[in-house]
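S.K.: any chance you could fold what I've pasted below:
(2 chains)
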Amino acid sequence: MDVLYFAWVRERVGRAKDRVDTNPATVMDLIEDLRAREPRYQAAFADLSALRVAVDQELADFNASLKTAREVAFFPPMTGG
Amino acid sequence: MDIRVQEAAFDFGSEANAFASRQAGMGAVVTFTGIVRDLGTASLSAMEIEHYPGMTEKALEKIAKDASSRWNLGDILIIHRYGRLHPQEMIMMVATASRHRADAFQAAEFLMDFLKSRAPFWKKELTRDGADWVEAKDEDEAALTRW
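M.R.: Next comes the predicted model:
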């Protein structure tokens, strides 16, 4: 699946997109996989209360299933308008 | 329903006029526009708006559909820009039309409340001292509970 990062999450991770082929079961499992990669992922995912997640372009919870997910995105709370 | 996510500037006057002139049987049109604040001495040089292409359009459509199902509306227009904007430039606008004004006013407020914290846009302020992501405010999240 594709994992996308926006705003300061993108800046901390240092890239806009990753490809993940480990088939994590939930968003939380995906986060654990990412945290294990490199310190900059640990920095980006240090405080989950500051993060929001979308699964296939719909807002989701950290315990959401990724069974059929093709795209997961992490970003801070939105500031539109 | 007319929803546009674009980098280019828009002409608020002509958009408002065009929107109002195509509303048959509607007695009320409400518009709102958001502008990059000129903070004077705080030296804001620009605002960068990032968004999530694909999800942004879906989120705006959902917000507009929710508004249409709650109020008796003739039409909705949402324009939201992304990219680099300068002080006094218009960031976005919404317009709503209804037979009587209460629906158009309330729907416009509803659209703005949800646009602030449920549409995937992120603002970054660029000043002489550096760049800072604008943080979401608790009151923006709290504003959703009134609907």
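S.K.: contacts and neighbour counts: CA atoms only from here.
M.R.: Noted.
S.K.: quick one: contacts for residue B:64?
M.R.: B:1, B:76, B:111 (CA atoms under 8 Å, 6 or more residues apart in numbering or on different chains).
S.K.: tell me the spacing between it and residue B:74.
M.R.: Between residue B:64 and residue B:74 the distance is 12 Å, computed by CA to CA, to the nearest Å.
S.K.: cool, residue B:90 as well?
M.R.: Using CA to CA, one obtains 25 Å as the distance from residue B:90 to residue B:74.
S.K.: quick one: the helices in the chain?
M.R.: Since no chain was named, I'll use chain A. For chain A, the helices defined by DSSP state H occupy A:7-13, A:27-35, A:39-44.
S.K.: chain B was what I was after
M.R.: All helices of chain B, identified by DSSP H, fall at B:12-21, B:55-70, B:101-118, B:138-143.
S.K.: which one of those helices lies closest to residue A:8?
M.R.: Closest to residue A:8 of the helices of chain B, according to CA to CA: helix B:101-118, at 16.4 Å.
S.K.: pLDDT value on the residue lying closest to residue B:124 once chain neighbours are set aside, please?
M.R.: Counting by CA to CA, 6 or more residues apart in numbering or on different chains, the nearest residue to residue B:124 once its immediate chain neighbours are dropped is residue B:133, at 4.2 Å. You'll see residue B:133 listed with a pLDDT of 95.
S.K.: so what's the residue count around residue B:133?
M.R.: By other CA atoms under 10 Å in any protein chain shown, the residues close to residue B:133 number 17.
S.K.: for it, give me its contacts.
M.R.: Applying CA under 8 Å, 6+ apart, the residues near residue B:133 are A:7-8, B:122-125.
S.K.: just these: which has the poorest pLDDT?
M.R.: For the contacts of residue B:133, the minimum pLDDT belongs to residue B:125; the value there is 93.
S.K.: who's residue B:125 bridged to?
M.R.: residue B:47, residue B:132 (DSSP bridges).
S.K.: so residue B:59 touches residue B:121, yeah?
M.R.: No. Counting by CA atoms under 8 Å, residue B:59 sits too far from residue B:121 to count as a contact (10.5 Å).
S.K.: would you map the strands across chain A?
M.R.: Under the criterion DSSP state E, strands of chain A are mapped to A:2-5, A:17-19, A:52-55, A:58-60, A:71-75.
S.K.: quick one: strands adjacent to the last one?
M.R.: So the one you mean is strand A:71-75. strand A:2-5 (parallel), strand A:52-55 (antiparallel).
S.K.: okay, those in a markdown table with mean pLDDT next?
M.R.: Shown next, in a markdown table, are the strands paired with strand A:71-75 (pLDDT from 0 to 100):
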| stretch | mean pLDDT |
| --- | --- |
| strand A:2-5 | 98 |
| strand A:52-55 | 98 |
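S.K.: mind putting these in TSV, mean neighbour count included?
M.R.: TSV is the format used below for the strands paired with strand A:71-75 (neighbours: other CA atoms under 10 Å in any protein chain shown):
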stretch	mean neighbour count
strand A:2-5	19
strand A:52-55	20
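S.K.: tell me which of the ones you listed lies nearest to residue B:146.
M.R.: That would be, of the strands paired with strand A:71-75 and by CA to CA, strand A:52-55, which comes in at 21.8 Å.
S.K.: which residues sit against the closest one?
M.R.: By CA under 8 Å, 6+ apart, strand A:52-55 touches A:59-62, A:66, A:69-77.
S.K.: tell me the one of these nearest chain B?
M.R.: residue A:77 (5.9 Å; CA to the nearest CA).
S.K.: straight-line length of stretch B:50-61, end to end?
M.R.: With CA to CA applied, stretch B:50-61 spans 18 Å between its terminal residues.
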